[in-house]
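**Student:** Here is my input, please return the structure:
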Amino acid sequence: MPTYDFPQDLRDAQLALHQTRAAYEQYATTLPWSAEPMPGWEADKQLHSTCRSGKPDSAGYTAEQTAEVARYQAELLRLSTVVATHPYWATLDGGVVAARMALKHAHETAGDEAA
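**Tutor:** Prediction:
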């Protein structure tokens, strides 16, 4: 497997992207199931099952929750753009996809080397 000499700013942007995505996903678990107020529902019982899926009423997102979701989405877009358009990618003669995949795990190998 080839090794890549990623610039530190690219590594930092990718790590920030990972961390922001994880924080956003964690935050999203605290939100109501619907951004807009919606009535709850319960599905019919399925054949050969005792499970009845459903959702309670959703009050929708508050103004603060909507703003926080928008902040996370804007930061994710910004970081994704920084990573995807970094000048480093133009220096590769091929194998850009493999290099991008390696970058996603570069923070893991850096942590292993430090241990």
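
**Student:** Roughly how far does the spatially most central residue of the chain sit from R11?
**Tutor:** For the chain, the residue nearest the mean C-alpha position is R21 (3.3 Å; CA atoms, centre = their mean). As defined by CB to CB, to the nearest Å, R21 lies at a distance of 16 Å from R11. No exception for glycine: its C-beta is placed from N, CA and C like everyone else's.

**Student:** Would you check that L76 makes contact with L17?
**Tutor:** Yes - with contact defined as CB atoms under 8 Å, L76 counts as touching L17 (7.1 Å).

**Student:** Between the two, point out the one with more neighbours.
**Tutor:** Using other CB atoms under 10 Å as the criterion, L76 and L17 rank with L17 on top: 20 against 16.

**Student:** Could you confirm that one falls within a helix?
**Tutor:** Yes - judged by DSSP: H, G, I helix; E, B strand; the rest coil, L17 forms part of a helix.

**Student:** Contacts only, for it.
**Tutor:** Contacts of L17 were listed using CB atoms under 8 Å, 6 or more residues apart in numbering, and they are L76, L79, S80, V83.

**Student:** helix, strand or coil for the first one?
**Tutor:** Think L76. Applying three-state DSSP: L76 is helix.

**Student:** next one: the last one
**Tutor:** Local secondary structure at V83 is given as helix here, using three-state DSSP.

**Student:** what's near enough to touch it?
**Tutor:** So V83 contacts L10, A13, Q14, L17, L103 (CB under 8 Å, 6+ apart).

**Student:** Backbone dihedrals for the closest residue to T3 other than its chain neighbours, both of them.
**Tutor:** Spatial nearest neighbour of T3, chain neighbours left out: A102 (7.9 Å); criterion: CB to CB, 6 or more residues apart in numbering. Main-chain dihedrals, A102, degrees, to the nearest 10: phi -60, psi -40.

**Student:** No further questions, thank you.
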